[in-house]
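J.: Got a sequence here, can you build the structure:
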Amino acid sequence: QVQLVESGGGLVQAGRSLRLSCAASGIAFSISAMGWYRQAPGKQRELVATISSTESRNYATSVKGRFAISRDNAKNTVYLQMNSAKPEDTAVYYCAADPTFGSVPTHFRYWGQGTQVTVSS
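T.: A predicted model of the protein is given here:
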(Lines give C-alpha, C1' and ligand atoms only; values in the text may rest on other atoms or scores of the structure.)
Protein backbone atom coordinates (compact mmCIF):
# COMPACT_ATOMS: atom_id res chain seq x y z
CA GLN A 1 0.00 0.00 0.00
CA VAL A 2 1.45 3.30 -1.10
CA GLN A 3 1.40 6.10 1.45
CA LEU A 4 2.46 9.70 0.94
CA VAL A 5 2.53 11.83 4.05
CA GLU A 6 3.04 15.56 3.71
CA SER A 7 4.30 17.79 6.50
CA GLY A 8 5.67 21.27 7.03
CA GLY A 9 2.63 23.31 6.10
CA GLY A 10 1.40 26.19 8.19
CA LEU A 11 1.13 29.95 8.36
CA VAL A 12 3.97 32.06 7.01
CA GLN A 13 4.37 35.76 6.37
CA ALA A 14 4.81 37.02 2.84
CA GLY A 15 8.45 37.09 1.84
CA ARG A 16 9.44 34.32 4.22
CA SER A 17 10.32 30.70 3.57
CA LEU A 18 8.74 27.34 4.26
CA ARG A 19 9.80 23.80 3.49
CA LEU A 20 7.34 21.03 2.79
CA SER A 21 8.25 17.37 3.10
CA CYS A 22 6.60 14.26 1.74
CA ALA A 23 7.57 10.87 3.11
CA ALA A 24 6.73 7.97 0.82
CA SER A 25 6.30 4.30 1.65
CA GLY A 26 5.16 1.24 -0.26
CA ILE A 27 6.69 2.47 -3.49
CA ALA A 28 10.06 2.06 -5.20
CA PHE A 29 10.92 5.64 -4.43
CA SER A 30 14.27 5.92 -6.19
CA ILE A 31 12.76 5.00 -9.57
CA SER A 32 9.61 7.05 -9.15
CA ALA A 33 8.65 10.45 -10.40
CA MET A 34 7.52 12.83 -7.66
CA GLY A 35 5.55 16.02 -7.75
CA TRP A 36 3.95 18.80 -5.78
CA TYR A 37 0.57 20.20 -6.72
CA ARG A 38 -1.64 22.76 -5.02
CA GLN A 39 -5.28 23.74 -4.89
CA ALA A 40 -6.51 27.10 -3.73
CA PRO A 41 -10.12 27.66 -2.62
CA GLY A 42 -12.43 27.81 -5.61
CA LYS A 43 -9.67 26.89 -8.05
CA GLN A 44 -8.55 23.75 -9.82
CA ARG A 45 -5.57 21.80 -8.67
CA GLU A 46 -2.41 22.93 -10.43
CA LEU A 47 1.09 21.66 -10.87
CA VAL A 48 3.76 23.34 -8.75
CA ALA A 49 6.88 21.28 -9.41
CA THR A 50 7.97 17.82 -10.47
CA ILE A 51 11.18 15.84 -10.25
CA SER A 52 11.96 12.69 -12.17
CA SER A 53 13.93 9.71 -10.93
CA THR A 54 16.90 11.15 -12.82
CA GLU A 55 16.36 14.51 -11.04
CA SER A 56 15.06 16.41 -14.01
CA ARG A 57 12.98 19.26 -12.59
CA ASN A 58 10.03 21.21 -13.87
CA TYR A 59 8.30 24.22 -12.31
CA ALA A 60 5.15 26.20 -12.81
CA THR A 61 5.90 29.64 -14.16
CA SER A 62 4.37 31.23 -11.07
CA VAL A 63 6.93 29.63 -8.74
CA LYS A 64 10.02 29.44 -10.94
CA GLY A 65 12.96 31.09 -9.22
CA ARG A 66 11.24 31.00 -5.81
CA PHE A 67 10.50 27.33 -5.16
CA ALA A 68 12.85 24.36 -5.35
CA ILE A 69 11.98 20.69 -5.45
CA SER A 70 14.46 18.08 -4.29
CA ARG A 71 14.52 14.46 -3.28
CA ASP A 72 16.43 12.27 -0.85
CA ASN A 73 16.25 8.68 -2.03
CA ALA A 74 17.88 7.40 1.16
CA LYS A 75 14.97 8.85 3.14
CA ASN A 76 12.22 8.21 0.57
CA THR A 77 11.36 11.87 0.89
CA VAL A 78 10.69 14.71 -1.52
CA TYR A 79 10.89 18.34 -0.47
CA LEU A 80 9.51 21.63 -1.66
CA GLN A 81 11.49 24.65 -0.52
CA MET A 82 9.26 27.70 -0.77
CA ASN A 83 11.10 31.02 -0.71
CA SER A 84 9.78 34.56 -1.07
CA ALA A 85 6.28 33.30 -0.32
CA LYS A 86 3.35 35.31 -1.66
CA PRO A 87 -0.29 35.42 -0.52
CA GLU A 88 -1.25 33.83 -3.84
CA ASP A 89 0.75 30.75 -2.82
CA THR A 90 -1.95 30.03 -0.23
CA ALA A 91 -3.38 26.59 -0.99
CA VAL A 92 -3.49 22.98 0.04
CA TYR A 93 -0.29 21.38 -1.22
CA TYR A 94 -0.38 17.77 -2.37
CA CYS A 95 2.46 15.34 -2.88
CA ALA A 96 2.20 12.94 -5.81
CA ALA A 97 4.14 9.87 -6.89
CA ASP A 98 4.27 7.58 -9.87
CA PRO A 99 6.55 4.58 -10.48
CA THR A 100 7.71 5.92 -13.83
CA PHE A 101 11.44 5.77 -14.35
CA GLY A 102 13.24 8.59 -16.10
CA SER A 103 10.28 10.78 -16.97
CA VAL A 104 7.31 12.50 -15.39
CA PRO A 105 3.81 11.27 -16.21
CA THR A 106 0.96 13.55 -17.16
CA HIS A 107 -1.17 12.04 -14.42
CA PHE A 108 0.32 10.81 -11.18
CA ARG A 109 -0.97 7.55 -9.77
CA TYR A 110 -0.63 8.16 -6.03
CA TRP A 111 -1.53 11.20 -3.94
CA GLY A 112 -1.10 12.38 -0.39
CA GLN A 113 -3.79 13.95 1.77
CA GLY A 114 -2.38 17.44 1.47
CA THR A 115 -1.02 20.07 3.81
CA GLN A 116 -2.35 23.60 4.17
CA VAL A 117 -0.06 26.53 3.45
CA THR A 118 -1.29 30.00 4.27
CA VAL A 119 0.74 33.07 3.37
CA SER A 120 -0.29 36.25 5.15
CA SER A 121 0.31 39.67 3.67
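
J.: Does residue 11 touch residue 121 like I think?
T.: No: assessed by Cβ atoms under 8 Å, residue 11 is found out of contact with residue 121, at 11.9 Å. The C-beta positions use only the backbone N, C-alpha and C, and glycine is treated the same way.

J.: Next up, the contacts around the spatially most central residue of the chain.
T.: Closest to where the C-alpha atoms of the chain average out (Cα atoms, centre = their mean) is residue 36, at 2.4 Å. By Cβ atoms under 8 Å, 6 or more residues apart in numbering, the residues touching residue 36 are 20, 22, 47-50, 69, 78, 80, 93-96.

J.: Report the beta-bridge partners for it.
T.: residue 49, residue 95 (DSSP bridges).

J.: all strands for the chain, in order.
T.: In the chain, the strands defined using DSSP state E lie at 3-7, 10-13, 18-25, 33-39, 46-51, 57-59, 67-72, 77-82, 91-98, 110-111, 115-120.

J.: would you turn those into CSV with mean pLDDT?
T.: Formatted as CSV, the strands of the chain follow (pLDDT from 0 to 100):
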stretch, mean pLDDT
strand 3-7, 97
strand 10-13, 98
strand 18-25, 98
strand 33-39, 98
strand 46-51, 98
strand 57-59, 98
strand 67-72, 98
strand 77-82, 98
strand 91-98, 98
strand 110-111, 98
strand 115-120, 98
